[in-house]
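K.L.:
structure, please.
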Amino acid sequence: MSDFPGATVLVGRNCVLDLAQPCIMGVLNVTPDSFSDGGDCFDAGAAVERGLEMVEQGAGILDIGGESTRPGAPAVSLDVELERVIPVIEGLRRHTCIPLSIDTSKASVARAALASGANFVNDISGLSFDDAMAAVVSGAAAGLFLMHTRGCPEQMQKNTDYEDLLAEVVDFLRAAVTKANAAGIGAERLAVDPGIGFAKSAAGNLALLKHLSALHQLGCPILLGTSRKSFIGRIIQQEDPRQRLYGTLATVALGVAQGVQLFRVHDVLPARETALVAWAIREQQFPLES
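P.N.:
Numbering: from 1, shown residues only. Below you'll find the model as predicted:
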């Protein structure tokens with residue numbers, strides 16, 4: 001059995017996410033400019049169809065975003081973000097009861113998304129961009145993913161120097177957890193994300209991946225988002241993000257070996273199979289049928 005601590009469930013608004021085995025979060029970007037799939041699901045109908053496809057492939061949760069957070073991405077207005085994500089959430093809710101996460105750092109978007117059927121908020125700022133976010137999540141009894149970053153996406157890659165990267169990431173996330181708790185969001189509703197690729201150099205990303213298990217001291221499930229990112233392209237000398245699948249899967253297996261429970265990916269089926277095999281080896285048991 002695993003030596004890693006950790007909850008076996010994550011509670012969201014009107015749902016419970018099973019973490020007894022690795023859980024795959026499918027990326028559903030409703031944007032024209034995301035770094036690897038911008039424009040693929042810009043139409044709400046196409047986004048709903050893609051989301052249902054990921055459910056069939058074994059996603060445990062879908063993460064819907066209407067604002068690109070790639071390095072250098074400009075901000076979009078509140079109205080534009082709402083116009084992109086709310087029809088997709090409503091459309092998915094007509095067809096599936098799978099847990100849904102809204103990928104936003106705006107409290108107003110989170111509020112509308114939760115009212116439309118989302119269960120979790122994925123805040124890349126770790127509650128640091130919008131002071132109203134914690135109260136919105138708490139008031140809706142939603143779950144919350146807290147990520148580490150520095151600055152907005154447009155500026156974050158200009159701020160990648162740290163005295164002690166791992167310690168600073170842990171301290172930031174600990175403070176975010178404390179802020180969430182103070183707002184009435186219980187530990188059973190929280191997960192943390194080291195923010196691979198967000199205000200990190202390529203070397204910094206590798207250092208965090210080597211020491212992911214250090215995040216267990218925070219007492220929350222860990223979400224890892226490495227899918228198709230540029231540091232993988234640098235390692236394998238592949239400029240096309242869509243050709244970084246195998247490198248992504250290596251990080252998924254590494255994450256499982258260090259007790260990570262949630263994986264945010266574009267390619268659901270390969271990631272799910274990779275995670276389950278790595279988990280079976282780590283746990284010395286076969287996965288339960290799902």
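K.L.:
show me the longest helix that occurs in the protein.
P.N.:
Secondary structure of the chain per DSSP state H: the longest helix is helix 165-182.
K.L.:
give me the number of residues near Gln284?
P.N.:
8 (other CB atoms under 10 Å). For the C-beta atoms, the positions are set from N, CA and C on the backbone; glycine is no exception.
K.L.:
quick one: the strands in this structure, in order.
P.N.:
Counting by DSSP state E, the chain has strands at residues 9-12, 15-18, 23-29, 61-65, 100-103, 120-123, 143-147, 190-193, 223-224, 262-265.
K.L.:
for His211, which non-adjacent residue is closest in space?
P.N.:
Leu166 (5.4 Å; CB to CB, 6 or more residues apart in numbering).
K.L.:
show me the contacts for the one you found.
P.N.:
Leu166 sits next to Ala207, Leu208, His211, Ala214 when contact means CB atoms under 8 Å, 6 or more residues apart in numbering.
K.L.:
switch the cut-off to 10 Å
P.N.:
Applying CB atoms under 10 Å, 6 or more residues apart in numbering, we find Leu166 in contact with Pro194, Gly204, Ala207, Leu208, Lys210, His211, Leu212, Ala214, Leu215.
K.L.:
and the residues you listed, which of them are in helices?
P.N.:
Per DSSP H, the contacts of Leu166 map to helices at Gly204, Ala207, Leu208, Lys210.
K.L.:
can you give me the pLDDT of the second one?
P.N.:
As summarised for this prediction, Ala207 has a pLDDT of 97.
K.L.:
what's the neighbour count on it?
P.N.:
By the measure other CB under 10 Å, the count of residues near Ala207 is 15.
K.L.:
so what's the residue count around the nearest residue to it once chain neighbours are set aside?
P.N.:
Excluding the flanking residues, the one nearest Ala207 by CB to CB, 6+ apart is Leu165, at 5.8 Å. Counted by other CB under 10 Å, the residues lying close to Leu165 total 21.
K.L.:
before we move on, what about His95?
P.N.:
His95 has 12 neighbours, counted by other CB under 10 Å.
K.L.:
hang on, isn't it packed against Leu52?
P.N.:
Yes - contact criterion CB atoms under 10 Å: His95 and Leu52 qualify, at 5.9 Å.
K.L.:
hang on, the earlier thing: let's have the strands of the chain in TSV, adding mean pLDDT, distance to Ala278 and mean neighbour count.
P.N.:
Listed next are the strands of the chain as TSV, based on pLDDT from 0 to 100; distance: least, CB to CB, whole Å; neighbours: other CB atoms under 10 Å:
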stretch	mean pLDDT	distance to Ala278	mean neighbour count
strand 9-12	98	20	21
strand 15-18	97	18	17
strand 23-29	97	13	27
strand 61-65	97	19	25
strand 100-103	98	23	28
strand 120-123	98	23	29
strand 143-147	98	22	28
strand 190-193	98	19	26
strand 223-224	98	12	26
strand 262-265	98	10	26
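K.L.:
done for today, thanks.
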